[in-house]
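Visitor: Build the 3D model from these lines:
(2 chains)
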2 protein chains.
Amino acid sequence: MTYKIKSRIWIEVDDTTFLGEGRIRLLKSIKETKSLSKSARELGMSYKKAWNLIDSVNKKSKKPVVVKISGGSGGGGTTLTEHGFKLIEMYENINTNCWKYLDKQLKKYSLD
Amino acid sequence: MTYKIKSRIWIEVDDTTFLGEGRIRLLKSIKETKSLSKSARELGMSYKKAWNLIDSVNKKSKKPVVVKISGGSGGGGTTLTEHGFKLIEMYENINTNCWKYLDKQLKKYSLD
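Guide: Below you'll find the predicted structure:
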(Lines give C-alpha, C1' and ligand atoms only; values in the text may rest on other atoms or scores of the structure.)
Protein backbone atom coordinates (compact mmCIF):
# COMPACT_ATOMS: atom_id res chain seq x y z
CA MET A 1 0.00 0.00 0.00
CA THR A 2 1.36 3.39 -0.98
CA TYR A 3 -0.06 6.44 0.72
CA LYS A 4 -0.35 9.69 -1.19
CA ILE A 5 -1.34 13.07 0.13
CA LYS A 6 -3.59 15.27 -1.99
CA SER A 7 -4.82 18.82 -1.64
CA ARG A 8 -7.13 21.36 -3.08
CA ILE A 9 -6.46 25.06 -2.61
CA TRP A 10 -8.56 28.15 -3.13
CA ILE A 11 -8.28 31.85 -2.42
CA GLU A 12 -11.02 33.73 -0.62
CA VAL A 13 -11.76 37.39 -0.22
CA ASP A 14 -14.24 38.52 2.43
CA ASP A 15 -15.08 34.83 3.09
CA THR A 16 -16.20 34.16 -0.49
CA THR A 17 -14.32 32.35 -3.23
CA PHE A 18 -12.07 34.51 -5.36
CA LEU A 19 -10.12 31.77 -7.17
CA GLY A 20 -10.40 28.00 -7.02
CA GLU A 21 -9.95 25.00 -9.31
CA GLY A 22 -13.10 25.69 -11.33
CA ARG A 23 -12.41 29.37 -11.89
CA ILE A 24 -8.80 28.67 -12.86
CA ARG A 25 -9.97 26.02 -15.32
CA LEU A 26 -12.34 28.58 -16.86
CA LEU A 27 -9.63 31.26 -17.06
CA LYS A 28 -7.24 28.80 -18.71
CA SER A 29 -9.88 27.83 -21.21
CA ILE A 30 -10.62 31.49 -22.07
CA LYS A 31 -6.89 31.97 -22.55
CA GLU A 32 -7.08 29.30 -25.28
CA THR A 33 -10.48 29.89 -26.87
CA LYS A 34 -10.64 33.69 -26.46
CA SER A 35 -14.39 33.19 -26.21
CA LEU A 36 -16.55 32.95 -23.11
CA SER A 37 -19.26 30.98 -24.89
CA LYS A 38 -16.79 28.45 -26.32
CA SER A 39 -15.20 28.02 -22.90
CA ALA A 40 -18.56 27.60 -21.21
CA ARG A 41 -19.42 24.86 -23.72
CA GLU A 42 -16.02 23.21 -23.31
CA LEU A 43 -16.46 23.02 -19.54
CA GLY A 44 -20.09 21.93 -19.77
CA MET A 45 -21.61 24.94 -18.05
CA SER A 46 -24.17 27.50 -19.15
CA TYR A 47 -23.01 30.83 -20.57
CA LYS A 48 -24.73 32.55 -17.65
CA LYS A 49 -22.83 30.42 -15.11
CA ALA A 50 -19.49 31.13 -16.84
CA TRP A 51 -20.31 34.83 -17.05
CA ASN A 52 -21.18 34.94 -13.35
CA LEU A 53 -17.91 33.24 -12.40
CA ILE A 54 -15.86 35.67 -14.48
CA ASP A 55 -17.85 38.64 -13.19
CA SER A 56 -17.16 37.47 -9.63
CA VAL A 57 -13.41 37.11 -10.31
CA ASN A 58 -13.25 40.56 -11.90
CA LYS A 59 -15.15 42.23 -9.06
CA LYS A 60 -13.02 40.63 -6.36
CA SER A 61 -9.75 41.47 -8.07
CA LYS A 62 -7.92 44.77 -7.68
CA LYS A 63 -7.32 44.82 -11.42
CA PRO A 64 -9.46 43.38 -14.27
CA VAL A 65 -8.75 39.72 -15.03
CA VAL A 66 -10.92 39.15 -18.09
CA VAL A 67 -11.89 41.78 -20.66
CA LYS A 68 -14.04 41.95 -23.76
CA ILE A 69 -12.28 42.65 -27.01
CA SER A 70 -14.34 44.10 -29.82
CA GLY A 71 -13.87 44.25 -33.55
CA GLY A 72 -10.88 42.84 -35.41
CA SER A 73 -10.95 40.08 -38.00
CA GLY A 74 -12.45 37.58 -35.55
CA GLY A 75 -15.29 39.95 -34.64
CA GLY A 76 -14.27 40.32 -31.02
CA GLY A 77 -14.29 37.99 -28.06
CA THR A 78 -13.02 37.66 -24.51
CA THR A 79 -9.44 37.66 -23.35
CA LEU A 80 -7.29 37.60 -20.24
CA THR A 81 -5.38 40.62 -19.06
CA GLU A 82 -1.73 40.53 -18.04
CA HIS A 83 -3.02 40.32 -14.46
CA GLY A 84 -5.16 37.32 -15.45
CA PHE A 85 -2.10 35.50 -16.78
CA LYS A 86 -0.27 36.25 -13.56
CA LEU A 87 -3.11 34.90 -11.43
CA ILE A 88 -3.10 31.56 -13.29
CA GLU A 89 0.67 31.35 -12.89
CA MET A 90 0.45 32.20 -9.19
CA TYR A 91 -2.26 29.60 -8.55
CA GLU A 92 -0.37 26.87 -10.37
CA ASN A 93 2.93 27.70 -8.68
CA ILE A 94 1.40 27.67 -5.22
CA ASN A 95 -0.42 24.42 -6.02
CA THR A 96 2.75 22.66 -7.19
CA ASN A 97 4.73 23.95 -4.20
CA CYS A 98 1.96 22.81 -1.88
CA TRP A 99 2.02 19.26 -3.31
CA LYS A 100 5.78 19.06 -2.86
CA TYR A 101 5.53 20.42 0.67
CA LEU A 102 2.82 17.92 1.61
CA ASP A 103 4.78 14.99 0.17
CA LYS A 104 7.68 15.95 2.41
CA GLN A 105 5.35 16.32 5.40
CA LEU A 106 3.82 12.87 4.90
CA LYS A 107 7.26 11.27 4.70
CA LYS A 108 7.88 12.34 8.30
CA TYR A 109 5.25 9.85 9.37
CA SER A 110 5.58 6.13 8.81
CA LEU A 111 2.16 5.06 7.66
CA ASP A 112 3.53 1.96 5.97
CA MET B 1 -9.98 43.45 0.40
CA THR B 2 -7.97 40.82 2.23
CA TYR B 3 -7.07 37.66 0.38
CA LYS B 4 -6.85 34.39 2.29
CA ILE B 5 -5.67 31.07 1.00
CA LYS B 6 -7.50 27.93 2.10
CA SER B 7 -6.87 24.26 1.59
CA ARG B 8 -8.33 20.85 2.09
CA ILE B 9 -6.07 17.83 2.36
CA TRP B 10 -6.71 14.10 2.20
CA ILE B 11 -4.64 10.93 2.08
CA GLU B 12 -5.25 8.29 -0.56
CA VAL B 13 -4.14 4.71 -0.88
CA ASP B 14 -4.46 2.94 -4.23
CA ASP B 15 -6.35 6.00 -5.57
CA THR B 16 -9.12 5.79 -2.98
CA THR B 17 -9.61 7.93 0.12
CA PHE B 18 -7.89 6.67 3.24
CA LEU B 19 -8.27 9.76 5.43
CA GLY B 20 -9.97 13.08 4.78
CA GLU B 21 -11.88 15.76 6.69
CA GLY B 22 -15.02 13.62 7.13
CA ARG B 23 -13.20 10.53 8.33
CA ILE B 24 -11.06 12.54 10.75
CA ARG B 25 -14.19 14.22 12.13
CA LEU B 26 -15.71 10.76 12.69
CA LEU B 27 -12.55 9.43 14.36
CA LYS B 28 -12.40 12.47 16.66
CA SER B 29 -16.03 12.01 17.58
CA ILE B 30 -15.50 8.30 18.38
CA LYS B 31 -12.57 9.33 20.57
CA GLU B 32 -15.04 11.40 22.61
CA THR B 33 -18.22 9.32 22.56
CA LYS B 34 -16.60 5.85 22.51
CA SER B 35 -19.66 4.78 20.54
CA LEU B 36 -20.08 4.44 16.80
CA SER B 37 -23.85 4.93 16.95
CA LYS B 38 -23.55 8.10 19.07
CA SER B 39 -20.92 9.49 16.70
CA ALA B 40 -23.02 8.67 13.65
CA ARG B 41 -25.96 10.53 15.21
CA GLU B 42 -23.74 13.46 16.21
CA LEU B 43 -22.47 13.85 12.64
CA GLY B 44 -25.90 13.32 11.09
CA MET B 45 -25.09 10.14 9.19
CA SER B 46 -26.57 6.65 9.29
CA TYR B 47 -24.94 3.97 11.42
CA LYS B 48 -24.27 2.00 8.24
CA LYS B 49 -22.49 4.97 6.61
CA ALA B 50 -20.33 5.52 9.72
CA TRP B 51 -19.57 1.81 9.94
CA ASN B 52 -18.54 1.72 6.25
CA LEU B 53 -16.21 4.70 6.72
CA ILE B 54 -14.53 3.14 9.74
CA ASP B 55 -14.31 -0.23 8.01
CA SER B 56 -12.64 1.46 5.04
CA VAL B 57 -10.12 3.27 7.29
CA ASN B 58 -9.30 0.05 9.14
CA LYS B 59 -8.86 -1.97 5.95
CA LYS B 60 -6.59 0.63 4.34
CA SER B 61 -4.41 1.02 7.42
CA LYS B 62 -1.45 -1.18 8.23
CA LYS B 63 -2.64 -1.36 11.84
CA PRO B 64 -6.20 -1.21 13.23
CA VAL B 65 -7.48 2.32 13.84
CA VAL B 66 -10.81 1.64 15.54
CA VAL B 67 -11.66 -1.41 17.64
CA LYS B 68 -14.71 -2.76 19.45
CA ILE B 69 -14.47 -3.02 23.20
CA SER B 70 -16.81 -5.47 24.85
CA GLY B 71 -18.05 -5.82 28.39
CA GLY B 72 -17.08 -3.53 31.25
CA SER B 73 -19.45 -1.32 33.23
CA GLY B 74 -20.60 0.59 30.15
CA GLY B 75 -21.45 -2.62 28.29
CA GLY B 76 -18.83 -2.15 25.58
CA GLY B 77 -18.45 0.28 22.72
CA THR B 78 -15.98 1.46 20.12
CA THR B 79 -12.61 3.05 20.70
CA LEU B 80 -9.54 4.30 18.90
CA THR B 81 -6.25 2.45 19.04
CA GLU B 82 -2.94 4.14 19.77
CA HIS B 83 -2.43 4.18 16.00
CA GLY B 84 -5.79 5.93 15.59
CA PHE B 85 -4.74 8.70 17.96
CA LYS B 86 -1.51 9.09 16.02
CA LEU B 87 -3.35 9.37 12.70
CA ILE B 88 -5.55 12.21 14.01
CA GLU B 89 -2.47 13.99 15.33
CA MET B 90 -0.62 13.50 12.05
CA TYR B 91 -3.54 14.82 9.98
CA GLU B 92 -3.98 17.88 12.17
CA ASN B 93 -0.27 18.66 12.25
CA ILE B 94 0.07 18.41 8.48
CA ASN B 95 -3.06 20.53 8.03
CA THR B 96 -1.80 23.30 10.32
CA ASN B 97 1.64 23.24 8.70
CA CYS B 98 0.03 23.39 5.26
CA TRP B 99 -2.02 26.48 6.19
CA LYS B 100 1.08 28.25 7.48
CA TYR B 101 3.03 27.28 4.37
CA LEU B 102 0.28 28.54 2.06
CA ASP B 103 0.00 31.85 3.93
CA LYS B 104 3.71 32.38 3.34
CA GLN B 105 3.35 31.40 -0.32
CA LEU B 106 0.50 33.85 -0.91
CA LYS B 107 2.50 36.70 0.66
CA LYS B 108 5.04 36.35 -2.15
CA TYR B 109 2.41 37.65 -4.55
CA SER B 110 0.91 41.10 -4.29
CA LEU B 111 -2.76 40.54 -4.92
CA ASP B 112 -3.69 43.75 -3.12
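
Visitor: Near chain B, which residues of chain A are found?
Guide: Residues of chain A found near chain B, taking Cβ under 8 Å from any Cβ of the partner chain as the criterion, are A:1-14, A:18, A:60-62, A:86, A:90, A:93-94, A:97-98, A:101-102, A:105-106, A:109, A:111-112. Using the backbone N, CA and C atoms, a C-beta is placed for each residue, glycine as well.

Visitor: In chain A, where is pLDDT below threshold?
Guide: Regions of chain A meeting the criterion pLDDT under 70 cover residues A:72-75, A:112.

Visitor: What ranges does it have for its helices?
Guide: Under the criterion DSSP state H, chain A carries helices at the ranges A:21-33, A:36-42, A:47-60, A:82-107.

Visitor: List just the one of these that sits closest to residue B:44.
Guide: helix A:21-33 (26.6 Å; Cβ to Cβ).

Visitor: What subset of the residues of chain A next to chain B is buried?
Guide: In the residues of chain A next to chain B, burial by neighbour count holds for A:3, A:5, A:7, A:9-13, A:18, A:60-61, A:86, A:90, A:94, A:98, A:101-102, A:105-106, A:109, A:111, counting by 16 or more other Cβ atoms under 10 Å in any protein chain shown.

Visitor: tilt between the longest strand anywhere in chain A and helix A:47-60?
Guide: Determined from DSSP state E, the single longest strand within chain A is strand A:3-13. Regarding strand A:3-13 and helix A:47-60, their directions subtend 70 degrees when assessed with axes from the mean of the first three to the mean of the last three Cα atoms, to 10 degrees.

Visitor: OK, contacts around the most centrally placed residue in chain A?
Guide: Taking Cα atoms, centre = their mean, the centroid of chain A lies closest to residue A:24, which sits 1.0 Å from it. Listed by Cβ atoms under 8 Å, 6 or more residues apart in numbering or on different chains, the contact partners of residue A:24 are A:88, A:91, A:92.

Visitor: what's the burial count for the residue lying closest to residue A:84 once chain neighbours are set aside?
Guide: Counting by Cβ to Cβ, 6 or more residues apart in numbering or on different chains, residue A:84 lies nearest to residue A:65, which is 4.2 Å off, once chain neighbours are set aside. Residues lying near residue A:65 (other Cβ atoms under 10 Å in any protein chain shown) number 25.

Visitor: No further queries at this time; thank you.
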